[in-house]
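In: predicted coordinates and the sequence they were generated for:
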Amino acid sequence: MTPAQHSPCNASLALDRAEAVLLDMDGTLVLSEEVHRRSWLALFEAWGLSVTADEYQHRYMGRRPADVLADLADLPIPAANDGVEQAVATMTDFILREAHTVPAVPGAADLIQRLHAQGVPLAVVTSAGAAWAERILDGTLHVRELIDVVVTAEHVRYGKPSPEGYLAACRALGAAPDRCMAFEDSPSGVRALVTAGVVDIIGVTTTTTAGDLLRAGARWTVPALTWETLSKATPVPVDQPLIPHGRNQESRRP
């Protein structure tokens, strides 16, 4: 795939010729945002913090809990006194108890099975911890054995929008970023892909508007991962001006 060949067709055709596929997990493969939101709100309530819906969306969604809690280190809250590790462990326990309530994004498991059957190398790059990733990929989607590389919060020093996780996945797959195709549901994740050098990016509109994903650098947007949906998704031309950026609805998930 040469640079001139990027993104001229519908998403399914571009996907068929990708040398490797990179996948975010929460919000992209599973609809888990509500569980993560409740885990954060439980901590905030215990700490006596008042956090608005807008603050939560812009400061906490999609980020590694360790990164967020480090940002709060100067506040007089238990995270500063008891340590980030204890707070992360509390959140992890909460979401693992609720994992059985998390549904898959329509088409997610079938897409992974299809790509694996075609011999396409696959990586999942998530801001979540290893325990949650294993529970979702194995217990919810039943595709863990089909995924070649899984990069979790424990594997990187910097979380999204840093490209570190996606670059690590590309190295492990032996694939150049500009020859990969990727799926993300948050602007911070899309920006991580763009910085890594990935061009063919599909934004999944489960937690974020199509406009925000396109502004971040996505080439297509889809509401689900069924092959029919991907076949109907056409790219935005690289030189097409996007809608002026209004209210930022960036989706970031722990």
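Out: On my side now, so go ahead.
In: the closest residue in space to residue 167 that isn't next to it in sequence: neighbour count?
Out: Excluding the flanking residues, the one nearest residue 167 by Cβ to Cβ, 6 or more residues apart in numbering is residue 196, at 5.1 Å. Heads up, the C-betas are built off the backbone N, CA and C, glycines and all. The burial count assigned to residue 196 is 22, neighbours taken as other Cβ atoms under 10 Å.
In: so which bits of stretch 194-202 are buried?
Out: Across stretch 194-202, burial judged by 16 or more other Cβ atoms under 10 Å covers 194, 195, 196, 198, 199, 200, 201, 202.
In: in this structure residue 25 contacts residue 135, no?
Out: No: look at residue 25 against residue 135 with Cβ atoms under 8 Å: they stay out of range, at 10.7 Å.
In: between these two, which one's more packed in?
Out: Taking neighbours as other Cβ under 10 Å, residue 25 and residue 135 compare with residue 25 leading, 25 against 19.
In: can you give me the distance of the residue nearest to residue 167 to residue 90?
Out: Distance of residue 196 to residue 90, computed by Cβ to Cβ, to the nearest Å: 32 Å.
In: strands of this structure, start to end?
Out: Along the chain, the segments classed as strands by DSSP state E run 20-23, 122-125, 149-151, 180-184, 200-204, 220-222.
In: I'd like to know which elements the fifth one is packed against.
Out: The elements that strand 200-204 packs onto, with contact taken as 3 or more Cβ pairs under 8 Å, 6 or more residues apart in numbering; DSSP states H and E, are strand 180-184, helix 187-196, helix 210-216, strand 220-222.
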